[in-house]
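Undergrad: Quick one: sequence and predicted model below, then my questions.
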Amino acid sequence: MIYENLIYGISIIWLSVLIDLLLGEVPNKIHPVIYMGNVISKLKNYLPPTRFSGLLIILTTNFVFTTITFFIIILSLFVNIWVYIIVASLILSTTFSINFLIKSVRDIQKDLATDINKARKSMSYLVSRNTEELTESRITSAAIETLSENITDSITAPLFYTAVFAFPFSMIIAIPIAVIYRVSNTMDAMLGYKTKELINIGRYPAKLDDVLNYIPARITGYYIILAAFLLRYDYKQSYFIMKEFALKTPSPNSGYSMAATAGALNITLTKEGVYELGYGTDELNGEKITEAINITKVTSILFIITIFIIYFIGLLFLM
């Protein structure tokens, strides 16, 4: 049974990554995250803005989407094993986003090279801060912050939970767990703000996201340091800046990947009035976005390779 779990785990994770890299996101009309957002939004508008309502949103949304995911996977398994692998891979590919994350930041880089106002507009779709008067360096900083923070949220964390739960159980269990992570991360993105409207209803969704990202965020930080070493960036500074600045962000997790990236690229990432990460002296410009994209790519590759190595070692022991 464990042998089969490993075989299917390797196959489905590999195919889901391939789907993401080659095809990108599934259309919005059928993308689960769009439906997650709609359900969360409707519940938020219907329920009073209390902490108990936040808990209800967590339970309701996770129950709905994990149940649907579970039954779709089970139904595909009844058809045949190949349909199961394809369907499971498609669903898993919607829980992470390598292609879209890199493309979004690269688009901002292109806008920044031609029209700063267009870059400000593009940036406003990715961050909560006011972008109307951001300078080139501030837009660059915001783009790199978004990219590096989302290495955890959009890549390593969902794959981490998939790999961990697929090993002892199966992808039938692991993929709904990855969906729970994506639901929780979506809830945090929509509700996890300390505004008057959201501070109570968003408290438990934000805390859940913090708990789920605790281990993946720290693992990601060290993978960024390794990526910096392989890319011949300043991996030593990456380590020391991560150690010093990782907990100087409002989130207990996002600082790890952002600080490690700042150190690797010898830059300072700044969100005015909130945090300043690093002692870097290099200019923040389009070239630094390219370097941050390189780090994202190599970090993702290293993490996925690690999963495959662990699974192959498991297969060798079981043969």
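TA: In hand now; what should we look at? Numbers count the residues shown, from 1 in each chain.

Undergrad: OK, contacts around G255?
TA: When the contact criterion is CB atoms under 8 Å, 6 or more residues apart in numbering, the partners of G255 are M242, F245, A246, L247, K248, T249, Y275, L277. For the C-beta atoms, the positions are set from N, CA and C on the backbone; glycine is no exception.

Undergrad: So M36 sits against Y181, correct?
TA: No - using CB atoms under 8 Å, M36 makes no contact with Y181, being 11.5 Å away.

Undergrad: Any stretches of the stretch 1-150 of the chain with poor pLDDT?
TA: Along the stretch 1-150 of the chain, segments meeting pLDDT under 70 span 1-3.

Undergrad: what ranges do the strands span in it?
TA: If you assign secondary structure with DSSP state E, counting those that start in this stretch, the stretch 1-150 of the chain ends up with no strands.

Undergrad: which residues in it form helices?
TA: Using DSSP state H, counting those that start in this stretch, the helices assigned to the stretch 1-150 of the chain run over residues 2-23, 32-46, 51-79, 81-93, 98-114, 116-124, 136-151.

Undergrad: Next: the stretch 151-300 of the chain.
TA: Under DSSP H, counting those that start in this stretch, the stretch 151-300 of the chain gives helices at 157-166, 171-191, 203-230, 235-245, 254-265, 286-318.

Undergrad: Out of these, which gets nearest to I10?
TA: Of all those, helix 286-318 sits nearest to I10, with 5.0 Å by CB to CB.

Undergrad: just the angle between that closest one and helix 254-265, please?
TA: 110 degrees (axes from the mean of the first three to the mean of the last three CA atoms, to 10 degrees).

Undergrad: helices or strands up against helix 286-318?
TA: In terms of contacts (3 or more CB pairs under 8 Å, 6 or more residues apart in numbering; DSSP states H and E), helix 286-318 is packed against helix 2-23, helix 98-114, helix 136-151, helix 157-166, helix 203-230, helix 254-265.

Undergrad: tell me the most buried of those?
TA: When the helices and strands packed on helix 286-318 are scored by mean count of other CB atoms under 10 Å, the highest mean neighbour count falls to helix 254-265 (a mean of 30).

Undergrad: average pLDDT across that one?
TA: Predicted confidence along helix 254-265 averages 97 (mean pLDDT).

Undergrad: My guess is A260 contacts R218. True?
TA: No - A260 is not in contact with R218 according to CB under 8 Å; the separation is 10.2 Å.

Undergrad: for the stretch 151-300 of the chain, what are the low-confidence residue spans?
TA: Applying pLDDT under 70 to the stretch 151-300 of the chain picks out no residues at all.

Undergrad: roughly how far apart are Y223 and S76?
TA: Applying CB to CB, to the nearest Å, the value for Y223 to S76 is 32 Å.

Undergrad: and what of I289?
TA: Counting by CB to CB, the separation of I289 from S76 is 40 Å.

Undergrad: out of the two, which sits in the busier spot?
TA: For I289 versus S76, the count of surrounding residues by other CB atoms under 10 Å is larger for I289: 24 against 20.

Undergrad: Brilliant, that's me finished.
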